[in-house]
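[1] Next come a sequence and a model predicted from it.
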Amino acid sequence: MASHQVSTPRATTIVAVQRGSEIAVAGDGQVTVGDVVMKHHASKVRRLFHDQVVVGFAGSVSDAFALFDKFERQLEQHQGNLLRSAVELGKEWRTDRYLRHLDAMLVVASQNQMLLLSGDGDVIEPDDGIGAIGSGGPYALAAARALLQYTDLPATEVAVGAMRIAASLCVYTNSEITVETLAGGGEVPDAGD
């Protein structure tokens, strides 16, 4: 294994779920370097822009913090407009000589919108109100879809349940879950509708 791979933290799992007027963003707490778990209780979900925006990250912690800072500046510059801030961050992330080497992905949510952001300039709004990133992202995404379709659980419980399922399958995800919620957004159809 190349030495740069050993020092790079492994991805994590972040899932965002919208049901009705509630959006919940949940993340695990595990930080892995190589094949060693370095930390069990990291917080990978944070509030930005006067607590009106929730952001979760997967990938390198230091890179994610740099992106949080850049994204919050965009939010300030665009008065909290999530889509415009995300598009501007995506442009900067893809074209800036320093930023384009950052190894992280973001899930960002406001009261009425959820987006997935990558260093390739991707700004994706999920069709079904569910977004997931990181090594356990596919597991969390599938679990959240099933929980939305076959239960009446609120978004927070769906997100936590999806994270617990992902943690049972992905070695880079643990069950020390941090969840932040926003309420008051618009309706997004449930995955089963």
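    Structure's in. What do you need?
[2] Low-confidence stretches in this structure?
    Where the chain drops to pLDDT under 70, the residues are 1-11, 184-193.
[3] Please enumerate the helices of it.
    Using DSSP state H, the helices of the chain run over 3-6, 61-77, 82-95, 137-150, 155-169.
[4] which of the ones you listed is buried the deepest?
    For those, the largest average neighbour count (mean count of other CB atoms under 10 Å) is found in helix 155-169, namely a mean of 23. Yep, even glycine has a C-beta here, placed from its N, CA and C like the rest.
[5] re earlier: and residue 120, which of the helices of the chain is closest to it?
    For the helices of the chain, proximity to residue 120 was assessed by CB to CB; helix 82-95 is nearest, at 6.5 Å.
[6] before we move on, back to that, can you check which of the helices of the chain gets nearest to residue 22?
    Closest among those, using CB to CB: helix 155-169, at 4.2 Å.
[7] list the helices and strands that closest one packs on?
    With contacts taken as 3 or more CB pairs under 8 Å, 6 or more residues apart in numbering; DSSP states H and E, helix 155-169 sits against strand 13-19, strand 22-27, helix 137-150, strand 178-183.
[8] From the contact counts, what lies against the second one?
    When you say that, I think you mean strand 22-27. Secondary elements touching strand 22-27 (3+ CB pairs under 8 Å, 6+ apart): strand 13-19, strand 45-48, strand 53-59, strand 104-110, helix 155-169, strand 178-183.
[9] Nearest to residue 93 among those would be which one?
    strand 104-110 (9.5 Å).
[10] how about that closest one: buried residues?
    For strand 104-110, burial by neighbour count (16 or more other CB atoms under 10 Å) applies to 104-110.
[11] Distance of the closest residue to residue 102 other than its chain neighbours relative to residue 49?
    Ranked by CB to CB, 6 or more residues apart in numbering and with sequence neighbours excluded, the top spatial neighbour of residue 102 is residue 63, at 3.9 Å. Noted for residue 63: a distance of 20 Å to residue 49, by CB to CB, to the nearest Å.
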